Every structure is written in structure tokens, then in C-alpha cells.
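[1] coords please:
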Amino acid sequence: MSDRFDDSPLACKLRDWSAHPAITTHNWAPRLFWIASADTAYGWPRVAPEELEVYFATLLGEPSQCLASLDRDRDGRGSFLAANARRHELPLFTRNATAGDAG
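    Numbering: from 1, shown residues only. From the prediction side, this is the model:
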């Protein structure tokens, strides 16, 4: 396990949202989205946090802080992820660029 732990505001928000009943009902193992640290299964994001934020926000019916930037910078990627969430499809997320440093 890695000793690293992402304590950025976005990562903290994602960890909080992952405990919400609308997310836990999917029974996704934390290792699907996070690389475990020594103390928790939610150490470092394995997938792009901005993408996971859009996906979780859509599932929770919350406004997304990353949707517009993903749409602008990645040719509609945010809307694609939101559509996947509305259809209850789990997309292939982009690997977190810094995840390789955490493992």
C-alpha cells in the first residue's frame, strides 16, 4: 500500500460523496477509484478526479464544478460522463496522471 494520501478539496469531496447512499448502493469497491494508503482504502485517486466528480455529482443530483471545464477542454467529456451516470452505466475513466506516483 502507498503512504500517500490526497487531501485536496476535490479528493475530500469525492471521499465524502462515496459514502452517500446513492453511491454505496452500487457496491463499488474503493479500489475501483482509489489507490489505498496505509490507513484507508481512499488514499490517492486512481482515476481522474474531475471525471469522477462529474459522475458522482450526476448520480447525486448535485451541481458539478468540473463539468464545464471537461466539456470545454476534452471535447464534451463531461457531458458524456453525466450521460453515462444517468443511464447507470459505469464508463471507462481516464487514469489519474499522478496515480503512478502514489503506488
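[2] mind listing the helices in the chain by residue range?
    9-18, 21-24, 49-60, 67-73, 77-86, 99-102 (DSSP state H).
[3] could you identify which of those is most buried?
    Of these, the one with the most neighbours on average (mean count of other CB atoms under 10 Å) is helix 49-60, at a mean of 22. All C-beta spots, glycine's among them, are computed from the backbone N, C-alpha and C.
[4] going by mean pLDDT, which of the helices of the chain comes out lowest?
    Of all these, helix 99-102 carries the lowest average pLDDT, namely a mean of 61.
[5] hang on, residue 65 packs against residue 78?
    No. Counting by CB atoms under 8 Å, residue 65 sits too far from residue 78 to count as a contact (10.5 Å).
[6] and residue 27, its phi and psi?
    phi 60, psi 40 (degrees, to the nearest 10).
[7] what's the local residue count around it?
    Around residue 27 there are 6 other residues, counting by other CB atoms under 10 Å.
[8] going forward, count from 19.
    Got it, the first residue is 19 from now on, which makes the last one we talked about residue 45.
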